[in-house]
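S.K.: Below are the sequence and a predicted model for it; my questions follow.
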Amino acid sequence: MESIVHRTVQVNGIKMHVAEKGEGPVVLFIHGFPELWYSWRHQILALSSLGYRAVAPDLRGYGDTDAPPSISSYNCLHIVGDLVALIDSLGVDQVFLVGHDWGAIIGWHLCMFRPEKVKAYVCLSVPLLHRNPNVKTVDGMRALYGDDYYICRFQEPGKMEAEMAQVGTEYVLKNILTTRKTGPPIFPKGEYGTGFNPDMTNTLPSWLTKEDLDYYVSKFDKTGFTGALNYYRNFNPNWELTAPWSGVKIKVPVRFIAGELDMANTMLGLKEYIHGGGFKQDVPNLEKVIVQKGVAHFNNQEAAEEISTQIYDFINKF
């Protein structure tokens, strides 16, 4: 880990922290919630040893990257703007893209807005969220799962932050990172409570050490969760902003990988969409869908070696 280089880059009006290692074609890693560049620690080491330049930023609002105060600063145009500026700062025209969770959603937006910047995309956990032109994203989720569905609970500024503060940063992060519960996370009424993981134990899984957890906690203790939650507060604004791209086909070559116990794929009808032909229709160059047996949401950490191998196997073709 000591061999990973850390620096700060000026992008799109903010200072962005970037971790990188290696020489060669750039592989850009985009983390999700509630994560950091650190989520890609295994892949950075693996891909850099295979002849690639692995680059993993903290997204705006996270870790050591600036956190603009307004909610609207976290919409998809700003986030993709950060990444385009980052790619330009690396002195390359194109990157291999790898995204997980919210990073996967952002990856789809990058492929939609600036496909010429992406040579190929390895998407983990969240497929393209097909835009329904008639229903705003959060409104659709609320109709399906009610007001206590986690994304609905995240909408009101300050409220979820206060509930998370009551249980503490370490509890929140451990609760989310260790969950193996499938299906939609429905929170207890008016509190964080058992949150994502009603079966949380004191024991950490083998793939998440105390040292790993401490690193996440140290960064979120510093930033709080507001920046991270503001991504969710832009689901409806993003729905409006992406109207010009409604029905667009993603032409970038894609490999999709998800754990069979991933909550993201066991809700919102995504399993049917992924395996029933809808996904392939929207992403004609979807090369393969891989479902990892016995693996949950954070597959880039839980099944780190397999993910690194899959990334290399796919991008090596280009």
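M.R.: Thanks, I have the structure now. Residues are numbered from 1 along each chain as shown.

S.K.: Surely residue 109 is in contact with residue 80?
M.R.: Yes: the pair residue 109 and residue 80 passes the contact test of CB atoms under 8 Å, sitting 5.1 Å apart. Backbone N, C-alpha and C define where each C-beta goes, glycine included.

S.K.: so residue 146 sits right up against residue 186, yeah?
M.R.: Yes: using CB under 8 Å, residue 146 is in contact with residue 186, at 7.3 Å.

S.K.: Same drill for those two, tell me which one is more crowded.
M.R.: Applying other CB atoms under 10 Å to residue 146 and residue 186 shows that residue 186 carries more neighbours, namely 16 against 11.

S.K.: what residues are up against that one?
M.R.: For residue 186, the set of contacting residues under the criterion of CB atoms under 8 Å, 6 or more residues apart in numbering consists of 145-146, 148-150.

S.K.: Who is it paired with across the strands?
M.R.: On DSSP bridges, the residues paired with residue 186 through beta bridges are residue 149.

S.K.: and the gap between it and residue 50?
M.R.: To residue 50, residue 186 is 42 Å away according to CB to CB, to the nearest Å.

S.K.: re earlier: intersection of neighbour lists for residue 109 and residue 80?
M.R.: By the contact definition CB under 8 Å, 6+ apart, residue 109 and residue 80 are jointly contacted by no residue.

S.K.: ok, which stretches of the stretch 201-318 of the chain are strands?
M.R.: Under the criterion DSSP state E, counting those that start in this stretch, the stretch 201-318 of the chain carries strands at the ranges 254-259, 286-292.

S.K.: now for these, which one comes closest to residue 179?
M.R.: With CB to CB as the measure, strand 254-259 is the member of the strands of the stretch 201-318 of the chain nearest residue 179 (11.4 Å).

S.K.: Spit out the contact partners of residue 109.
M.R.: Applying CB under 8 Å, 6+ apart as the definition, the contact partners of residue 109 turn out to be 76, 79-80, 238, 242.

S.K.: Could you point out which of those residues is nearest to residue 15?
M.R.: Relative to residue 15, the closest of the contacts of residue 109 is residue 79; by CB to CB it sits at 15.2 Å.

S.K.: where do the helices sit along the stretch 101-250 of the chain?
M.R.: Assigned by DSSP state H, counting those that start in this stretch, the stretch 101-250 of the chain shows helices spanning 102-113, 137-145, 150-153, 159-167, 169-177, 210-223, 226-232, 235-241.

S.K.: Give me the contact list for the shortest one.
M.R.: Going back to what we said before, that points to helix 150-153. 138, 141-142, 145-147, 159-160, 184-187, 195-196, 232, 235.

S.K.: Recalculate using a threshold of 10 Å.
M.R.: Contacts to helix 150-153, defined as CB atoms under 10 Å, 6 or more residues apart in numbering, come from residues 137-139, 141-142, 144-147, 159-160, 163, 176, 184-192, 195-196, 229, 232-233, 235, 263, 268.

S.K.: Put the alpha carbons of that helix into PDB.
M.R.: Extracted C-alpha coordinates of helix 150-153, given in PDB (Å, rounded to 0.1, in the frame of the first residue of the first chain):
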ATOM      1  CA  TYR A 150     -33.600   3.800   2.400                       C
ATOM      2  CA  ILE A 151     -33.300   6.200  -0.700                       C
ATOM      3  CA  CYS A 152     -36.600   7.900   0.300                       C
ATOM      4  CA  ARG A 153     -35.300   8.200   3.900                       C
END
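
S.K.: Average pLDDT for that helix, rounded please.
M.R.: For helix 150-153, the per-residue pLDDT values average out at 97.

S.K.: what do you get for stretch 60-80?
M.R.: If you average the pLDDT over stretch 60-80, you get 98.

S.K.: mind checking the end-to-end distance for that stretch?
M.R.: End-to-end distance for stretch 60-80: 11 Å, by CA to CA, to the nearest Å.

S.K.: Buried ones in that stretch, by neighbour count?
M.R.: The neighbour-count criterion (16 or more other CB atoms under 10 Å) identifies 60-67, 71, 73-80 as the buried residues of stretch 60-80.

S.K.: next one: stretch 149-162
M.R.: 149-155, 160-161.

S.K.: Pull up the gap between residue 25 and residue 278, please.
M.R.: Distance check for residue 25 against residue 278: by CB to CB, it reads 31 Å.
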